[in-house]
Structures are given as C-alpha cells and as structure tokens.
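> Sequence and predicted model, in that order:
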Amino acid sequence: MAVVAWIGLGHMGGPMTANMVKAGHSVRGFDLSAAALDAAVANGVQAAGSVEAAVQGADVVFTMLPKGEHVRSVYFGGSGILAHAAKDTLLIDSSTIDIESAQAVHDAAAAAGFRFVDAPVSGGMSGAAAGTLTFMVGGESGAVADASGYIQPMAANIIPTGGATTGQAAKICNNLMLFINLASTSEGAVLADRLGLDKQVFWDIASVSSGDSWALRTWYPVPGVVPTAAANNGFAPTFTAELAHKDIGLAIAAARSTQTPLEIGEHVQQLFQRLIDGGQGAKDCSMIVSLVDGSLPAPGASKEPAAGAGKE
C-alpha cells in the first residue's frame, strides 16, 4: 500500500481520502480549515501541519483545491509541493481549474523533474462518497498509467484524455454541457407543471425521450421525483451555485481564448450570477429553477428557499 499526501480536504477531498484509507493506503492530509482536517482525521487520515509535512516521504501527492490560484500557491514557492516532495513522487491534481494554471503546473513540474497529471473528476459529492467518480486524466502516458493505479479506490471510470491539460479541457466542456442541460431541464419542468402535467408523469416521459440528460435523471429540480435531487432537501448543496458559476466561467474563458462563441453558456452563467446576487450562492445549483418559477427570494431576504420553491 502507498503513502499518500492529500492537500485539500473539503466537500470532495474529505470523502475521497476516506475511500483511500478504506483501500489500505496511509493518507496524510493537510487543509487550512481545521474543521475539514478534523473530519478527515475521523475517517482515518493522519493530520499534517503543513504542505511540507504532508508530502515528506509520500509516494503520491493529490491536490483537490477550489481554484487555479490555490493550486499554484500549493505547488509553487518555498513552502510548496515542488520544493519539498521527492523527485520520484507522482503528482496528481484533481481540482477543476483554468487551462492556463494547469499548463503552468505541468511546465513547472516537468522543469523540476517531477511527473504530473491533471486529473479532474465528475460525479459530485455523492460520487466522492460512493467511490464512483469519473476521472479524466491528462499527461504523459506513463504517468497517467501510474496515476490510474492510485485513483482506482475512488473511481468507477478512469479515462486517459491525452497530453497535458486535456483532463481539465474534458472537465470544463463536460460541465458546460451539464449546466446548460440543468437550465433547460428547469424550464421544461416548470412549463410542464403549468400546462397541467403531473410531475412524475412528465419525468417518466422525458427520461426515456429526447429530453433526457444526466441533469434530469440525477438533479431534477422538482421535489418528490428523483431521490438524489437537492430539491427534496430545500436545495441543500450537492454542488453549489457558486461552484457552478466558477466552472462554467472556466469554459467561457477557454472559449474566448480559442475564439469559440458560447452564447448559451454565457447566458447560463448569468443565471447563476443572479442566484448569487440573490443570496443563494451557497445553495445547490439546481435552485436555478427558482428563476423560472419565480420563487427566488428578493435580495436581502432570508437565504432559505421561498415556500414552495421548486414545487408544483
């Protein structure tokens, strides 16, 4: 079994490390949040007091962080991973970040003599807990193959995507499609209700017809239809509106750098911005339905969903 260093123990990193511990690996974790670190320790992770302490003697280092700026800060500088990990340590970043930051870490790691792969994930917090994530892994083929062996306890699918940054490219394009699907699912669900269709009957039709999507089957934004939907729990987050806004923004930035028009994507980003402006950024992204059914609380109102939000 391996010695694993893990930097970033939040909503995704916490359950992912729990699965690594269950698989028999020795996991040392570091996070700036004491609460996140304590939760990971309760699941068998050994607490480290710094990035340097976490990576000492590790066979592999995973990072799972919110943004490119955080990844850069953890890898670079005198207290970073590249300064303190052994050169034979495999480096795996599973954050969802911008292409430029991913390329910068690839370049710096290679220059310092490290093997590095970008390996973002799809599947959300439920997939992290269940060990059923999809990993999209970009980098040199030998490093990708070795990374796959470490990733297995956390994954249902491990898909090599090609060279450096292609994992991130796959992730941001996939999430772009997801959030557009979520917005269209919300509009269809509300319109079907207002046309008098039973919510379950309509879902049964759409889920086996051309309106089907992962968003419809997993995140349907109407309570009482799909067990995994946040709509059943007051839109408690499985994937926050703030993160959705960030991720679709990554796709838009990449599109602008490649002169690719994303008119629908830009509109959906604006919808998530309206949720954030309405004080609902920490709620589940499927609360986008409140912009269709009119239940979004007014700015300054309670951050709890309005009565009947997302309902028929």
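Great, that's in hand. Note that the coordinates shown come from a computational prediction; the quantities given were computed from them, not determined experimentally.
> Could you list the low-pLDDT ranges of the protein?
Counting by pLDDT under 70, the chain shows low-confidence ranges at 298-312.
> residue boundaries of the helices in it?
When assigned using DSSP state H, the helices of the chain occupy the ranges 13-22, 34-42, 51-55, 68-75, 81-84, 99-111, 124-130, 141-151, 166-194, 199-206, 214-219, 241-257, 263-277, 290-293.
> ok, residues contacting the third one?
Just to be clear, that refers to helix 51-55. Contacts of helix 51-55 from elsewhere in the structure, counted by Cβ atoms under 8 Å, 6 or more residues apart in numbering, are 5-7, 28-30, 48, 61, 74, 79-81, 83-85, 89. C-betas here are computed from N, CA, C, even on glycine.
> Next: the fifth one.
Counting by Cβ under 8 Å, 6+ apart, the neighbours of helix 81-84 from elsewhere in the structure are 7, 51-52, 55-56, 61, 63, 74-77, 91, 108-109, 112, 114.
> Out of those, which end up buried?
Neighbour counting by 16 or more other Cβ atoms under 10 Å classes 7, 51-52, 55-56, 61, 63, 74-75, 91, 108-109, 114 among the contacts of helix 81-84 as buried.
> is it possible to export these to CSV including distance to Ile288?
Putting these into CSV (distance: Cβ to Cβ, whole Å) gives the following:
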residue, distance to Ile288
Ile7, 31
Val51, 36
Glu52, 41
Val55, 39
Gln56, 44
Val61, 36
Thr63, 29
Val74, 31
Tyr75, 34
Leu91, 35
Ala108, 37
Ala109, 37
Phe114, 40
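> still on that earlier bit, quick check: of the contacts of helix 51-55, which lies closest to Asp204?
Ranking the contacts of helix 51-55 by separation from Asp204, with Cβ to Cβ as the measure, puts Trp6 on top at 41.6 Å.
> can you tell me how far Asn43 sits from Val292?
39 Å (Cβ to Cβ, to the nearest Å).
> ah, wrong one, I meant Ile99
Relative to Val292, Ile99 is positioned 32 Å away (Cβ to Cβ).
> Between the contacts of helix 81-84, which sits nearest Thr165?
Checking those against Thr165 by Cβ to Cβ gives Ala109 as the nearest, at 12.4 Å.
> Skipping its backbone neighbours, what lies nearest that closest one in space?
Across the structure, with Cβ to Cβ, 6 or more residues apart in numbering as the measure, the residue nearest Ala109 apart from its sequence neighbours is Phe116 (3.6 Å).
> Could I get the contacting residues of that neighbour?
With contacts defined as Cβ under 8 Å, 6+ apart, the neighbours of Phe116 are 90-93, 105-106, 109-110, 139, 143.
> what's near enough to touch Arg115?
By Cβ under 8 Å, 6+ apart, Arg115 lies in contact with 90-91, 109, 139-140, 142-143, 146.
> Now which of those residues would you call buried?
When burial is judged by neighbour count using 16+ other Cβ under 10 Å, the buried members of the contacts of Arg115 are 90-91, 109, 139, 143, 146.
> Most widely separated two among these?
Top of the distance list for the buried ones among the contacts of Arg115 (Cβ to Cβ): Ala109 and Asp146, 14.1 Å.
> From Thr166, how far out is Leu91?
16 Å.
> Quickly list what the residue nearest to Ala109 is bridged to.
When bridges are taken as DSSP bridges, the partners of Phe116 come out as Leu91.
> Look up how far Thr240 lies from it.
28 Å.
> Next: Lys199.
For Lys199, the distance to Thr240 (Cβ to Cβ) stands at 25 Å.
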